[in-house]
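Participant: take a look and give me a structure for this.
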Amino acid sequence: MGTNAFRAPGLTFELEETAEVTTVHCKGKITLESAEFFQSEIRDRVIPTSRGKGVDVTRRIILDLSQVSFVDSTGLGALLSVWTAAQRRSVDLEIANLSPRVEKLVNMSKLDQVFTKMKGLFGAK
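Facilitator: Numbers count the residues shown, from 1 in each chain. Next up is the predicted model:
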């Protein structure tokens, strides 16, 4: 299992990687100030670009948002952007452990219908 940490203005995230799943533990706010960095790091470092012969590549990514206190409209766009990038590379990207405030925003924007919902995790407190 490998672990890497990244920092953007108002947001930190740590990767927990296994052969089966990569979990991105996010802490802070996903806003205009952090969204671009968040998107580029997830696309470039987390979502695999190819399967590679004989090399295990994670095909499932979980964004753990339990420590994300706020997401603005730019942050919602960033979440959708990384989901789209994952789909293009045949990777399942899920969101999990939303705070009540973030869950309400995700539901209002209908993004809950876009993301794969992990049974028992999506919206868990």
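
Participant: could you pull out the buried residues of stretch 85-100?
Facilitator: Of the residues in stretch 85-100, 85-86, 91-99 count as buried by neighbour count, 16 or more other CB atoms under 10 Å. For glycine as for every other residue, the C-beta is placed from the backbone atoms N, C-alpha and C.

Participant: in helices, which of those fall?
Facilitator: Among the buried residues of stretch 85-100, the ones falling in helices (DSSP state H) are 85-86.

Participant: closest one of the buried residues of stretch 85-100 to residue 31?
Facilitator: Each of these was scored against residue 31 by CB to CB, and residue 99 proved nearest at 14.7 Å.

Participant: please tell me the pLDDT value assigned to the closest one.
Facilitator: Looking at residue 99, its pLDDT is 89.

Participant: which residues does it contact?
Facilitator: Applying CB atoms under 8 Å, 6 or more residues apart in numbering, we find residue 99 in contact with 65-66, 68-69, 125.

Participant: pipe the residues you listed into TSV and attach distance to residue 16, neighbour count and secondary structure per row.
Facilitator: Listed next are those as TSV, based on distance: CB to CB, whole Å; neighbours: other CB atoms under 10 Å; DSSP: H, G, I helix; E, B strand; the rest coil:
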residue	distance to residue 16	neighbour count	secondary structure
65	14	24	strand
66	13	15	strand
68	16	24	strand
69	21	13	strand
125	20	8	coil
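
Participant: and residue 81, how far from residue 93?
Facilitator: Going from residue 81 to residue 93 by CB to CB, to the nearest Å gives 11 Å.

Participant: contact partners for the residue nearest to residue 93 when sequence neighbours are not counted?
Facilitator: Computed as CB to CB, 6 or more residues apart in numbering, the closest residue to residue 93 that is not its neighbour in sequence is residue 86, at 3.8 Å. Residues near residue 86 by CB under 8 Å, 6+ apart: 47, 61, 92-93.
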